[in-house]
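Got a sequence here, can you model it:
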Amino acid sequence: MTGPNPVDRGKTGSKIHVLSERAGLPLSVAVSAANTNDAYALKPLVKAIPAIKSRREPRRRKPAKLHADKAYDQQELRDWVRDRGIGVRIARKGIESSKKLGKHRWVIERSIAWLFGYHRLNIRYDRKATHFLAFLTLADTLTCYKRLAKSTT
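So this is what the prediction gives:
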């Protein structure tokens, strides 16, 4: 992958990556080191999207459009997402302001806030990334269950 340096040696810790649907329901989650570029997490997140069920339409396997912030602004990523038949709306560095994507960004920020509402994820106690990812996936599952249970009642 071309572009900026993939490692920022000054950061410690980890960061989570969340891909959600339009209403904020988390579809896939991932964990990476805090010193890696965000763009490296996009491909695994898109590949992990489960099939989308619909009562009225045939089953869809991919979303119609992907919104992302400037951290994912690389031509290679844009082409890769378009090759999968997904529309791309990624803010361009130095051209677009962050305010234009604000009407879409709050959805993902709220999804991340739902996940960090679980005390176990506020501070990373686990040394192994697989354990932290397991708790993150559990929080994702509980969040989806609570949202779906609320919508059916």
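
C-alpha only now, for contacts and for neighbours.
Noted.

Which strands and helices lie in contact with the top helix by length along the chain?
Ranked by residue count under DSSP state H, the longest helix found in the chain is helix 129-152. Applying 3 or more C-alpha pairs under 8 Å, 6 or more residues apart in numbering; DSSP states H and E, one finds that helix 129-152 makes contact with strand 26-33, helix 102-115, helix 119-122.

want to try a markdown table for those, with distance to I90 as columns?
Output for the helices and strands packed on helix 129-152, formatted as a markdown table (distance: least, C-alpha to C-alpha, whole Å):
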| stretch | distance to I90 |
| --- | --- |
| strand 26-33 | 19 |
| helix 102-115 | 11 |
| helix 119-122 | 28 |
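
winner for burial among the ones you listed?
Ranked by mean neighbour count, the helices and strands packed on helix 129-152 are led by strand 26-33 with a mean of 19 (mean count of other C-alpha atoms under 10 Å).

pLDDT weak spots in this protein?
Scanning the chain for pLDDT under 70 picks out 1-11, 51-54, 57-61, 96-103, 153.

at 50 instead, please
1-2 (pLDDT under 50).

So what's the residue count around the residue nearest to K70 when sequence neighbours are not counted?
Leaving aside its sequence neighbours, K70 sits nearest to A91 (C-alpha to C-alpha, 6 or more residues apart in numbering; 5.0 Å). Counted by other C-alpha atoms under 10 Å, the residues lying close to A91 total 20.

My read is that A91 contacts A68, right?
Yes - under the criterion of C-alpha atoms under 8 Å, A91 makes contact with A68 at 6.8 Å.

Tell me how many other residues crowd A149.
With other C-alpha under 10 Å as criterion, A149 counts 10.

which residues does it contact?
Residues in contact with A149 (C-alpha atoms under 8 Å, 6 or more residues apart in numbering): none are found.

Give me the residues contacting stretch 104-123.
Under C-alpha under 8 Å, 6+ apart, the answer for stretch 104-123 is 18-20, 22-26, 67-69, 132, 135-136, 139-140, 143.
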